[in-house]
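**Student:** 3D model of this:
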Amino acid sequence: MSSVRGSAGSRHGGGAGAAGGGAGDGTGSARAPGARARDASGSFETVGAKSCADFMRDHKAQSWAYNADTAWVTGYLTAYNALTPDTSSILGDTDVSGAMLWLQKYCAAYPDKGLADGMLALTAHLHPNRFRMHKQGE
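**Tutor:** Numbering: from 1, shown residues only. Next up is the predicted model:
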């Protein structure tokens, strides 16, 4: 569940998937195990995200806006790394270009979704193969 609040962002609800880790099926209910940066109901607000349709338009035009989209995605991934326990890099063996390609495919399949929904699905997809924190002494 998400409702856009102007151009500032969207709010993502904490349904069953958010509480227990969704499948990343495009519903926006995907959640990485152990993620803590949400309110008590599992909701959070994204800032600066746009629709998948706008993201795809930016990609097709290779406009400056696509560079801004890439910066937004890398900021999201950095925040994910900082806030998700036992995670040093959600990207694992992939890179930002691979993440952007994955998002392009997601947004082509779900043009009515938001880019933030795509990020939830992407991080759920990548989470099992993320690079983990090394414990001291390892």
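
**Student:** CA only for contacts and neighbour counts going forward, please
**Tutor:** Fine.

**Student:** Run through the neighbouring helices and strands of the helix of greatest length in the chain.
**Tutor:** In the chain, assigned by DSSP state H, the helix with the most residues is helix 64-83. Judged by 3 or more C-alpha pairs under 8 Å, 6 or more residues apart in numbering; DSSP states H and E, the packing partners of helix 64-83 are helix 52-61.

**Student:** quick check: angle from the helix it packs on to helix 64-83?
**Tutor:** On the basis of axes from the mean of the first three to the mean of the last three C-alpha atoms, to 10 degrees, helix 52-61 is oriented at 120 degrees to helix 64-83.

**Student:** contacting residues around helix 52-61?
**Tutor:** Outside of helix 52-61, the residues that reach it under the criterion C-alpha atoms under 8 Å, 6 or more residues apart in numbering are 64-66, 69, 104, 107-108, 110-115, 118.

**Student:** same thing but 7 Å
**Tutor:** 65, 66, 104, 107, 111, 112, 113, 114, 115 (C-alpha atoms under 7 Å, 6 or more residues apart in numbering).

**Student:** separation between the second one and residue 82?
**Tutor:** It stands for residue 66. Residue 66 sits 24 Å away from residue 82, taking C-alpha to C-alpha, to the nearest Å as the criterion.

**Student:** of those two, who's got more company?
**Tutor:** Set side by side, residue 66 and residue 82 show more neighbours around residue 66, with 18 against 14, by other C-alpha atoms under 10 Å.

**Student:** Give me the distance between the more buried one and residue 123.
**Tutor:** Taking C-alpha to C-alpha, one finds residue 66 at 20 Å from residue 123.

**Student:** again, but for residue 42
**Tutor:** Relative to residue 123, and taking C-alpha to C-alpha, residue 42 is found at 16 Å.

**Student:** before we move on, what about residue 76?
**Tutor:** Using C-alpha to C-alpha, one gets 10 Å for the distance from residue 76 to residue 123.

**Student:** Compare neighbour counts for these two and give me the winner.
**Tutor:** Between residue 76 and residue 123, counting by other C-alpha under 10 Å, residue 123 is the more crowded of the two (21 against 17).
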